[in-house]
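*Asks:* 3D model of this:
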Amino acid sequence: MHISGLSERRLHYFLQVAEAGSIRGAADRLGIEPSVVSRQVQQLEDELGVQLLQRHGRGIIPTEAAKLVIDHCRERRSSEALLLTQIGELKGLERGEIHIVAGEGFIEELVRWVLQDFCQQYPKLVVTLEFANAVDVVRMLANDQAHIGLAFRPPIDPAIRTVETRKQPMCVITWPDHPLTRQKQPLALSDVTPYPVGLMSRGFGLSNLVQLAEYSERIQFQPSLVTNSIATLKSYVKAHLGVTFLSAHAVANEVAQGTLVALRTRNEIFESAEAQLMVRAGRQMSFAVERLLEMLSRNALFQGG
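*Replies:* Residues are numbered from 1 along each chain as shown. Take a look at the predicted model:
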């Protein structure tokens with residue numbers, strides 16, 4: 001067995017199966033018949049002399065050997081992406097790709113700093129900006145599906161390195177003449193319970209923070225809206241349907257325009273909430289990624305305390 005001689009096609013198909021969780025899912029991604037994918041994986045198993053996948057219902061479970069092959073595939077994919085970017089950098093950052101994955105609450109900051117600044121400086125670089133919940137941000141970084149991640153209270157993962165951390169206290173978001181704006185500040189969370197509340201769906205850092213805060217004060221909000229969209233939560237509040245919980249940064253434009261108000265609380269969980277700028281631990285960064293990380297570290301999200 002010679003790893004260097006393994007078929008590129010078989011490795012690619014195998015990784016697609018591992019990431020999709022099933023033969024059919026990989027076939028749908030690749031746009032080919034499941035039998036073709038299954039045959040390529042079987043040939044890879046024969047070539048390596050080990051079982052890589054255990055069938056489980058309609059899905060698959062990777063074996064210990066499969067995990068080694070998955071790591072090999074991802075490292076090679078990461079290395080190839082780095083090589084292409086570095087070659088582009090020899091030409092003055094005229095080519096290359098950067099993939100950013102972030103929580104939706106960072107959209108305004110990223111558009112301002114990435115699209116209006118970085119992309120103008122390096123117009124021939126391709127920047128992919130994708131939004132996901134905190135769990136998926138960490139997963140995509142760990143799987144080398146993104147170079148840079150931004151998340152609000154992400155789960156701890158030894159595969160992830162935090163580049164910068166900044167306190168981003170959670171606030172009660174409401175409209176200017178809401179009764180809560182006339183109460184003594186900062187608010188107790190019990191002050192909010194009489195009013196309709198909109199919350200983020202489970203799996204998001206914001207949702208986890210609210211659950212911890214509820215537990216810390218022995219209260220429970222009864223949401224009238226649950227969504228996976230911060231934009232929807234903002235619209236919910238603007239329509240005077242209820243209040244929600246977000247960082248002041250997430251509503252900076254609306255606060256400046258006078259359409260929303262961000263009220264601080266006395267809750268320690270909310271006050272200690274953090275935004276994190278992350279990469280995969282041990283991954284070699286291209287100059288373009290390092291340059292973007294440096295710019296993000298200096299912007300309003302991570303300057304000061």
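
*Asks:* can we go C-alpha only for contacts and neighbour counts from here?
*Replies:* OK.

*Asks:* burial count for Thr232?
*Replies:* Residues contacting Thr232 under the criterion other Cα atoms under 10 Å number 15.

*Asks:* sorry, that was for Ile173
*Replies:* Ile173: 29 surrounding residues under other Cα under 10 Å.

*Asks:* the closest residue to it other than its chain neighbours: what secondary structure?
*Replies:* Counting by Cα to Cα, 6 or more residues apart in numbering, Ile173 lies nearest to Ala262, which is 4.7 Å off, once chain neighbours are set aside. Under DSSP: H, G, I helix; E, B strand; the rest coil, Ala262 falls in the strand class.

*Asks:* just the pLDDT for Leu93.
*Replies:* Looking at Leu93, its pLDDT is 53.

*Asks:* same deal with the one 5 residues further on?
*Replies:* Ile98 is assigned a predicted lDDT (pLDDT) of 88.

*Asks:* following the helix ranked longest in the chain, which helix or strand comes up?
*Replies:* Assignment by DSSP state H gives helix 64-90 as the longest helix of the chain. Under the assignment DSSP states H and E, the closest C-terminal helix or strand after helix 64-90 is strand 97-102.

*Asks:* packing partners for that following strand?
*Replies:* Contact analysis of strand 97-102 by 3 or more Cα pairs under 8 Å, 6 or more residues apart in numbering; DSSP states H and E lists strand 126-131, helix 134-142, strand 148-152 as its packing neighbours.

*Asks:* quick one: buried residues of it?
*Replies:* Going by neighbour count (16 or more other Cα atoms under 10 Å), the buried part of strand 97-102 is Glu97, Ile98, His99, Ile100, Val101, Ala102.

*Asks:* do stretch 261-272 as well
*Replies:* For stretch 261-272, burial by neighbour count (16+ other Cα under 10 Å) applies to Val261, Ala262, Leu263, Arg264, Thr265, Asn267, Ile269, Phe270, Glu271.

*Asks:* and these, which two are the farthest apart?
*Replies:* Largest separation among these by Cα to Cα: Val261 and Ile269, giving 20.1 Å.

*Asks:* okay, the helices and strands packed on strand 97-102, which one's buried deepest?
*Replies:* Most buried of the helices and strands packed on strand 97-102, by mean neighbour count (mean count of other Cα atoms under 10 Å): strand 148-152, with a mean of 28.

*Asks:* average pLDDT for that one?
*Replies:* For strand 148-152, mean pLDDT is 91.

*Asks:* return the alpha-carbon coordinates of it using CSV.
*Replies:* Output in CSV follows, covering the C-alpha atoms of strand 148-152 (Å, rounded to 0.1, in the frame of the first residue of the first chain):
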residue,chain,number,x,y,z
ILE,A,148,-11.8,32.5,9.5
GLY,A,149,-14.7,32.2,11.9
LEU,A,150,-16.7,34.8,14.0
ALA,A,151,-19.1,33.6,16.6
PHE,A,152,-20.9,34.8,19.7
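
*Asks:* re earlier: elements contacting the longest helix of the chain?
*Replies:* helix 8-20, helix 287-298.

*Asks:* if you set the cut-off to 10 Å instead, what comes out?
*Replies:* On a contact count with 3 or more Cα pairs under 10 Å, 6 or more residues apart in numbering; DSSP states H and E, helix 64-90 meets helix 8-20, helix 34-48, strand 53-56, strand 59-62, strand 97-102, helix 287-298.

*Asks:* got the angle between that helix and helix 134-142?
*Replies:* Helix 64-90 runs at 80 degrees relative to helix 134-142, counting by axes from the mean of the first three to the mean of the last three Cα atoms, to 10 degrees.

*Asks:* confirm that Ile173 sits in a helix.
*Replies:* No: if the criterion is three-state DSSP, then Ile173 is strand and not within a helix.

*Asks:* tell me the bridge partners for it.
*Replies:* Thr244, Ala262 (DSSP bridges).

*Asks:* buried residues in stretch 151-159, which are they?
*Replies:* Of the residues in stretch 151-159, those buried (16+ other Cα under 10 Å) are Ala151, Phe152, Arg153, Pro154, Pro155.

*Asks:* I'd like the distance from that stretch to the chain centre, please.
*Replies:* 9 Å (Cα atoms, centre = their mean, to the nearest Å).
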